[in-house]
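Trainee: Provided below are the primary sequence and the corresponding predicted coordinates.
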Amino acid sequence: MEVLKVQIREAESVSRSAHKELTPARVHLKDAHGKLYYPDGCVPYKKDGHFTTDGEFEVSLPEGKVSILVEKGKEYRSISGELVIRKNEDQNVDCELYRWINMPELGWYSGDLHIHRPLDDMAHLVLAEDLNAAPDITVWNQQNEWIGKDIPENRVVEVDETHAYGILVQEDERGGGAVMVMDPDAPIDLNPTYRWYPANFAYCRAAHEKGFIVDQEKPFWWETPVNIALGGVDTLGIVNNHMQRESIMDNEAWGKPRDMELYPGPQGFVHNVLDLYYRYLNLGLKLPISAGSASGVLKNPLGYNRLYVHLGHSFSYDRWLRGMKAGMAFATNGPMLFFSIDRCELGSTLEATAGQKFHGKASLNAMSQTELDRAEILYNGEIIHEFSSGGSSELTQEFDISLDSSGWVAARVFEKNKKTVRFAHTNPIYIEIGGPMKPRKDAAQYYLRWCQELLSASLAEKDRYVTNQHRVEVESLYRQATTFYRNLMASAE
């Protein structure tokens, strides 16, 4: 066995004449037989076949070819290549990571809402993946890392001026799906809990009573339309953990299955998620997006799916969460995407006088470290502009937008990728011509039928609840949601 020694530095972290310091990064190291290697002193993550390093490592390898991939979040160019390990020859390899875009310098800061990694590793991981805000889930159903421990008054650890992680996030994931409570002062205890009791909304309500932010982890969970109808969630995950680095987890787990004829294959999975989100917007709801990777339980590095929030040049963990809730963000697992109308912030509302058209100047700038495919501009869920990248990794367009009625406008961009779906999606910019958007009847009917199906399944399953009181409590929420969507249908266009 021969020794490979690797050092990783940031290419432009200091002047050329100065010593360049080592930088933390993620590494995938595999021999010709497919065996993966995890050096001592590094943090292994075998679900994704990688480890993270503080910037240097050494590992014993057999003779032959070895592939190496070095990455550091989204803003540095990947380094990949092949090494030949020869008998009786140790190798020293220097890697320089080039930062192709500096989002904090532009006022944008990244975060991942779905993390299941050990707290002891988090300070290292946020630097290795260059993730600015990292709320770490330490209470997951009945798994509570704080049992028998004192919870610090300050529940945010600042690693440096632009990287921080939260030490207490609670995920409730049961029959109705998953919601996540950001930075509670203590775990929400609603015991006893069962698969369907209490409903997800009970956690949402308890969190909101104390002013905590709640994220609806994915849109296809059965109780998502209940939580949204009753005002239980602040954000909705559209770039979620089924979207993975090398593949799409092409199913809805125990959520509501999609129509496979309308939404076939991995691309169909993604577009179903997006269309579910668009239907909520078409009800006139202003619902911001989120992103999460589930690193720790699924095959994603920390921050593979992330949300970039525009904060200007002053970062804090709390400001990042508030900016997310305000909709000043785009979600991505690859490209960067900047979009505005009349230079207004994402999540903004632009107004026009009743009886007049809205006219605005739109600006789109998409860029990636790989080839882009296309960018699309959506108005109320329909594509109104489509731009080809022409084989480039950057796409810039300035164009006019003219609208006759209230609604929402958003942008999305896709990379070319044969293994998975990599894309970015902005929060909407809302357009109000004489007042807010009227609910769309088709969207209201869709979620009315969903809630009716959910209620019918509950009524039909005689052993779903331990007590009749549990049944009454949950089904009452389902009926309230059904009434909400029925009322929207009555007022719909």
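Mentor: Yes, it's here. Numbering: from 1, shown residues only.

Trainee: Which parts of the stretch 1-150 of the chain are strands?
Mentor: All strands of the stretch 1-150 of the chain, identified by DSSP state E, counting those that start in this stretch, fall at 2-10, 25-31, 43-45, 50-53, 56-61, 64-71, 79-85, 91-97, 108-111, 133-140, 143-144.

Trainee: those strands in the stretch 351-493 of the chain, which residues are they?
Mentor: 358-367, 372-379, 382-388, 394-403, 407-415, 423-426, 429-433.

Trainee: Most remote residue from the middle of the protein, which is it?
Mentor: Distance from the C-alpha centroid of the chain peaks at residue 88, with 46.2 Å (C-alpha atoms, centre = their mean).

Trainee: what stretches of the stretch 301-450 of the chain score poorly on pLDDT?
Mentor: Along the stretch 301-450 of the chain, segments meeting pLDDT under 70 are nowhere present.

Trainee: The residue farthest from the centre of the chain is in contact with residue 3, isn't it?
Mentor: No: at 10.8 Å, residue 88 does not count as touching residue 3 under the criterion of C-beta atoms under 8 Å. C-beta coordinates here come from the backbone N, C-alpha and C atoms, glycine included.

Trainee: Around the residue lying closest to residue 48 once chain neighbours are set aside, how many other residues sit close by?
Mentor: In space, and not counting its chain neighbours, residue 48 is closest to residue 299: 4.9 Å by C-beta to C-beta, 6 or more residues apart in numbering. A count of nearby residues for residue 299, using other C-beta atoms under 10 Å, gives 20.

Trainee: Contacts only, for residue 299.
Mentor: 47-48, 244-247 (C-beta atoms under 8 Å, 6 or more residues apart in numbering).

Trainee: now do 10 Å
Mentor: By C-beta atoms under 10 Å, 6 or more residues apart in numbering, residue 299 lies in contact with 45-50, 241, 244-247, 249, 293.

Trainee: Format those as TSV; extra columns: distance to residue 134, pLDDT and neighbour count.
Mentor: Shown next, in TSV, are the contacts of residue 299 (distance: C-beta to C-beta, whole Å; pLDDT from 0 to 100; neighbours: other C-beta atoms under 10 Å):
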residue	distance to residue 134	pLDDT	neighbour count
45	15	98	21
46	21	98	10
47	18	97	15
48	17	98	21
49	21	98	18
50	17	98	25
241	15	98	25
244	19	98	22
245	18	96	20
246	22	96	11
247	24	97	13
249	22	97	18
293	10	98	30
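
Trainee: Note down every partner strand of the longest strand along the chain and its orientation.
Mentor: Longest strand in the chain, counting residues (DSSP state E): strand 163-174. Each strand paired with strand 163-174, and its direction, by DSSP bridges: strand 133-140 (parallel), strand 156-160 (antiparallel), strand 177-182 (antiparallel).

Trainee: Turn those strands into TSV, including distance to residue 349, mean neighbour count and mean pLDDT.
Mentor: TSV is the format used below for the strands paired with strand 163-174 (distance: least, C-beta to C-beta, whole Å; neighbours: other C-beta atoms under 10 Å; pLDDT from 0 to 100):
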stretch	distance to residue 349	mean neighbour count	mean pLDDT
strand 133-140	25	25	98
strand 156-160	31	15	98
strand 177-182	24	25	98
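
Trainee: wait, which of the ones you listed is closest to residue 330?
Mentor: Taking C-beta to C-beta, strand 133-140 is the member of those nearest to residue 330, at 14.6 Å.

Trainee: pull the CA atoms of the closest one into PDB?
Mentor: Taking Å, rounded to 0.1, in the frame of the first residue of the first chain, the C-alpha atoms of strand 133-140 are listed here in PDB:
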ATOM      1  CA  ALA A 133     -26.900  29.000   8.100                       C
ATOM      2  CA  ALA A 134     -27.400  25.500   9.300                       C
ATOM      3  CA  PRO A 135     -30.300  24.600  11.600                       C
ATOM      4  CA  ASP A 136     -29.500  21.200  12.900                       C
ATOM      5  CA  ILE A 137     -32.300  18.800  13.900                       C
ATOM      6  CA  THR A 138     -31.600  17.500  17.400                       C
ATOM      7  CA  VAL A 139     -35.200  16.500  18.200                       C
ATOM      8  CA  TRP A 140     -36.800  14.100  15.700                       C
END
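
Trainee: Which residues are in contact with residue 483?
Mentor: Taking C-beta under 10 Å, 6+ apart, one finds 229, 448, 451 in contact with residue 483.

Trainee: what about 8 Å?
Mentor: With C-beta under 8 Å, 6+ apart, residue 483 has no contacts at all.

Trainee: mind listing what's buried in stretch 351-358?
Mentor: Within stretch 351-358, the residues scored as buried using 16 or more other C-beta atoms under 10 Å are 352, 358.

Trainee: Now do the end-to-end distance for it.
Mentor: 8 Å (C-alpha to C-alpha, to the nearest Å).

Trainee: Just give the nearest non-adjacent residue to residue 69, would you?
Mentor: Using C-beta to C-beta, 6+ apart, the closest residue to residue 69 is residue 28 (4.1 Å).
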